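> this is a predicted model, with the sequence first.
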Amino acid sequence: DFGDYPHNSVCCIDGVIFPDRTFRPGFYDMKRAYQEFEADYANGEISVFNRRYFESLDDMYILWKLEVNGKAVLEGRIDDTDIAPQSTKIYKLFDSVEDNENCYLTLTFHYKKATAFAEADYETGFEQFDLSAESEKATETKAPEYEEGARYITVKAGEVEYKFDKSYGRIASATAGGKELLAEPVKIETWAAHGYNQLGDADDRRSAEIHNAIQKTYSTEVKASDDKLSVECRISLGGPAVVPIINGTLTYNFYADGKAEIAFSGELRQLLKEMNMRLPRFGFCFALKGDCDNMTYFGKGPVESYCDRHRGTRFGMFETTAADNFVHYVRPIENGSHFATNYGKVSDGNGCGIEFTPVKPDTFCFNATHFTPKMLENAKHDDELVSSENTYVYLDYKIDSRSGRGIYETLEPERKWDFEPIEFAVEFKPVK
């Protein structure tokens, strides 16, 4: 960093704690890997296995909680944890569970007494089980009122109003109760601030101008029906003076209840496939006014989580702020996203903002931050960052793996992001 020799800038300040002794997100993955128990669930019962070789688990107690959409519906405590080393014990929790979306059973294990390294009641680890059941919710929709001008389409749905820019194929304004929420037009984002183990990929991607890719709109078609107003745009994404990296169709659907949907369908440029050059990310970015700092989401938290690093996080409903969600890596990189999110909201102190949900069966990676990828990359160290007044909300279809593709893609090929066509849709609604 300061001209010192010799080193190659790799693995510097890269432990599981920061220099100020606070935990890095990776600490929670390490803690998860080292926990001294395992558990399984079936038909209202849990079986707990003691991974220890010499001692019982009777120094711990178990708290269990059944939650639906982040709210507890059943909970309890288990103190009888005298499970012999390398043995299993079964506990009956409940008889049955009603079919619900976002239904999770979470077990947390705690020390009964203080130890040499932890206080009494310290959580030593957790297990979580997804008991969700998909439900089909048929809803009738109606088209909103709209006015089409030479360049802009104004969509009115109660206290929600959108202004759509036909020339650029994007939403230029979104208001709720007369308050403007957008600081910038909605856009597609393909760039991310790379980590030190991704610098080679970053250089290759810059050669294809992925860092400068913007939306180019070739045509815009407005289609009105009884149930919705659709605006379909034929677009590409690419940098200046280069062949586009993606071609596809971007569709906006507007409804009378104020909801809207943004959907992309397209494919990557063939040359990228031949060069094995993947995108850093693909998703939608909503730049909100700076007073929209409050962040609520149902996904993997409370610390950041990504496709290749989320085992140390759990599903739940979490509340934070864009400022507190930010992870202060000494060398700024992509941070703060939450993998497999089913719901997100970013709002001001009065609850005025925008709600986001993925179009099933998809989820998205959800993030709210005061920094863009280029702001992160342009700062050499964390103390040089100057936050924007805006809050940037990222709803990502995929983010490329952060820990190196080799091990991650070999062990879990089902989560590999390859060169398949992109089909991604998100619903959103400004709320007062």
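Okay, I see it. Numbering: from 1, shown residues only.
> for the stretch 201-350 of the chain, just list every one of the helices.
All helices of the stretch 201-350 of the chain, identified by DSSP state H, counting those that start in this stretch, fall at 270-274, 322-325.
> try the stretch 51-200 of the chain
199-207.
> doesn't Pro144 make contact with Asp227?
No - using C-beta atoms under 8 Å, Asp227 makes no contact with Pro144, being 10.6 Å away. For glycine as for every other residue, the C-beta is placed from the backbone atoms N, C-alpha and C.
> what number of residues lie near Tyr111?
A count of neighbours around Tyr111, defined by other C-beta atoms under 10 Å, yields 17.
> quickly list what it is bridged to.
Taking DSSP bridges as the rule, Tyr111 bridges to Met60.
> ok, now which ones touch it?
Applying C-beta atoms under 8 Å, 6 or more residues apart in numbering, we find Tyr111 in contact with Asp59, Met60, Ala118, Glu119, Ala120, Asp121, Tyr122, Thr124.
> again, only using 7 Å
Taking C-beta atoms under 7 Å, 6 or more residues apart in numbering as the contact definition, Tyr111 lies against Asp59, Met60, Ala118, Ala120, Asp121, Tyr122, Thr124.
> what pLDDT is listed against the closest residue to Thr124 other than its chain neighbours?
Counting by C-beta to C-beta, 6 or more residues apart in numbering, the nearest residue to Thr124 once its immediate chain neighbours are dropped is Phe109, at 4.9 Å. For Phe109, the pLDDT comes out at 98.
> so Phe109 makes contact with Phe37?
Yes - shown here, Phe109 and Phe37 form a contact pair, counting by C-beta atoms under 7 Å, at 6.1 Å.
> which neighbours do those two have in common?
Taking C-beta under 7 Å, 6+ apart as the contact rule, Phe109 and Phe37 both touch Gly125.
> please tell me how far the residue in the chain sticking out farthest from the centre sits from Asp383.
Centroid-distance maximum for the chain: Phe54 at 40.3 Å, with C-alpha atoms, centre = their mean. Phe54 sits 47 Å away from Asp383 when distances are taken as C-beta to C-beta, to the nearest Å.
> quick one, what contacts the nearest residue to Ser173 once chain neighbours are set aside?
Distances taken as C-beta to C-beta, 6+ apart put Lys163 closest to Ser173, at 3.8 Å, once the chain neighbours are dropped. By C-beta under 7 Å, 6+ apart, the contact set of Lys163 is Tyr152, Thr154, Ala172, Ser173.
> could you pull up the residues touching the second one?
For Thr154, the contacting residues are Tyr146, Glu147, Glu161, Lys163, taking C-beta under 7 Å, 6+ apart as the criterion.
> show me these that map onto strands.
Tyr146, Glu147, Glu161, Lys163 (DSSP state E).
> picking that back up, the residue nearest to Thr124: neighbouring residues, count only.
22.
> ok, now Leu199?
Leu199 has 12 nearby residues by other C-beta under 10 Å.
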